[in-house]
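Chemist: Next come a sequence and a model predicted from it.
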Amino acid sequence: MHPDEHRFLGELTVAAYRAINPGDHDGALDDYEAELRDVAGRAAEAEVLVAVDGDGTVLGGVTYVPGHTSPSAEFSERDAAGIRMLAVDPEAQGRGVGEALTRACIDRATAAGRAQLLLHSTPWMTTAHRLYVRLGFARDPGRDWEIEPGFVLRAFRLPLDA
């Protein structure tokens with residue numbers, strides 16, 4: 001990811017999250033938007049990957065968290081890596097962008113010798129859930145995270161052959 005793509009990817013990420021949950025009338029996403037937009041901050045403490053088309057247009061992005069010591073980590077397992085903020089431009093969805101970004105994170109975690117790849121997802125990201133399961137992730141309800149009363153992020157875990 002190039003620094004000149006940070007702002008664009010931040011706006012794309014907010015748009016993708018808004019498109020998934022257009023009925024966010026309780027404002028659950030409002031407080032998170034600043035973090036979604038802060039691609040430069042994520043890039044300083046983790047690895048931000050982008051998918052681009054043939055003309056260089058950014059189609060999506062993901063934050064790969066290489067280990068538990070990263071400030072971006074939502075896990076404490078020493079043998080794990082993580083995925084955060086996977087987003088695909090609503091206009092590019094259905095083209096394999098999310099899968100390519102997820103596979104890139106799997107490849108990085110495997111190459112780093114990690115035993116597992118972890119992520120959290122909102123309940124309404126059902127398309128992403130199907131992708132994760134297809135790629136071998138399993139729901140891990142014991143790692144679900146209630147970030148505020150009544151709002152639970154769903155955990156997924158992928159064992160890796162490191």
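Modeler: All right, it came through fine.
Chemist: mind showing which ranges of the protein have poor pLDDT?
Modeler: 21-31, 162 (pLDDT under 70).
Chemist: swap the cut-off to 90 and go again
Modeler: Residue ranges of the chain with pLDDT under 90: 1-5, 15, 17-35, 56-57, 122-125, 146-152, 161-162.
Chemist: now the strands for it?
Modeler: 47-52, 58-65, 80-88, 116-121, 138-139, 145-148, 151-159 (DSSP state E).
Chemist: For A19, find the nearest of these.
Modeler: Go through those one by one with C-beta to C-beta and the one that ends up closest to A19 is strand 80-88, at 9.5 Å. (Each C-beta comes from the backbone N, C-alpha and C, glycine too.)
Chemist: tell me the angle that closest one makes with strand 116-121.
Modeler: Relative orientation of strand 80-88 with respect to strand 116-121: 40 degrees, computed using axes from the mean of the first three to the mean of the last three C-alpha atoms, to 10 degrees.
Chemist: what comes into contact with strand 80-88?
Modeler: Strand 80-88 has contacts (C-beta atoms under 8 Å, 6 or more residues apart in numbering) with 9, 12-13, 16-17, 36, 42, 46, 51, 59-68, 70, 72-75, 97-98, 101-102, 105, 108-109, 112, 114-120, 128.
Chemist: Show the contacting residues for the residue lying farthest from the centre of the chain.
Modeler: For the chain, the C-alpha farthest from the mean C-alpha position belongs to D55; by C-alpha atoms, centre = their mean, that distance is 24.0 Å. D55 is in contact with no residue at all, counting by C-beta under 8 Å, 6+ apart.
Chemist: how far away is it from T122?
Modeler: 31 Å (C-beta to C-beta, to the nearest Å).
Chemist: what's the answer for A112, then?
Modeler: For A112, the distance to T122 under the criterion C-beta to C-beta works out to 27 Å.
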